[in-house]
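[1] Everything below, folded, please.
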Amino acid sequence: LTIPGLTNGTSYDVELRAINGNGPSTPSGPVTVTPGIPDTLTIDSWTAGDGQVDVDFTPGDDNGSAITDIEYRLDGGSWTSGGSTTSPLTIPGLTNGTSYDVELRAINGNGPSPASDAVTVVPMGPPDAPTINRIVPGNGSLNVTFTPGADNGSAITDIEYRLDGGSWTSGGSTT
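    This next block holds a predicted model:
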């Protein structure tokens, strides 16, 4: 079934009904559609970075008008230009260790596509520096009391030390 004569970029509520010798059926539920806008894209995966995430996506059909931008929004907020039409899309300015719900949409000359399904992302960076609280000299050793810095979204697996600017050595502990 092709419905001709529509204006690209204009939304329409489409309903269908069937006809037979006994009359028409009840109408289907309405579906809102806008011809000419891009189809919804699909978020395939994402990769955490330091204060950012890279979101891999597969675009939907452009429906006859080239895609000019991919926009994103965080936690249902305002849409922001991604400045690119290719995957992956880098979303900068995020706080490490904080969860964000990300949605994407494609833009063409007829308007924006519907939003993608949201995915939850968490940017991760290197941990913040530990703070040395106290050092107690021992017989040929040092007992160092410290407070770890923020893990920035990924658990700290080791604390290393170095002496006099030399090579780093595993402390074999995180506490």
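
[2] switch to C-alpha atoms for all contacts and neighbour counts from now on
    Noted.

[3] partners of the lowest-mean-pLDDT helix or strand in the chain in the sheet?
    Among the helices and strands of the chain, strand 31-33 carries the lowest confidence by mean pLDDT, DSSP states H and E, at a mean of 89. Applying DSSP bridges to the sheet, strand 31-33 is found paired with strand 12-14 (antiparallel).

[4] now the helix or strand following the partner strand: mean pLDDT?
    Using DSSP states H and E, the helix or strand that follows strand 12-14 towards the C-terminus is strand 19-20. Here strand 19-20 scores 96 as its mean pLDDT.

[5] Please enumerate residues in contact with strand 19-20?
    By C-alpha atoms under 8 Å, 6 or more residues apart in numbering, the residues outside strand 19-20 that reach it are residue 25.

[6] sorry, back to before: can you name the residues in contact with the least confident helix or strand of the chain?
    Contacts to strand 31-33, defined as C-alpha under 8 Å, 6+ apart, come from residues 11, 12, 13, 14, 15.

[7] Following element in sequence after it, please.
    strand 42-49.

[8] If you count neighbours, what's buried in that next one?
    By neighbour count on 16 or more other C-alpha atoms under 10 Å, the buried set for strand 42-49 is 42, 43, 46, 48, 49.

[9] So what sits opposite the second one in the bridge?
    Under DSSP bridges, the beta-bridge partners of residue 43 are residue 57.

[10] my guess is it meets residue 58, correct?
    Yes: contact criterion C-alpha atoms under 8 Å: residue 43 and residue 58 qualify, at 6.5 Å.

[11] name the element the residue nearest the centre of the chain belongs to?
    Central residue of the chain (C-alpha atoms, centre = their mean): residue 102, 4.1 Å from the mean position. Using DSSP H and E, residue 102 sits within strand 100-108.

[12] how close does residue 130 sit to residue 148?
    As judged by C-alpha to C-alpha, to the nearest Å, residue 130 and residue 148 stand 4 Å apart.
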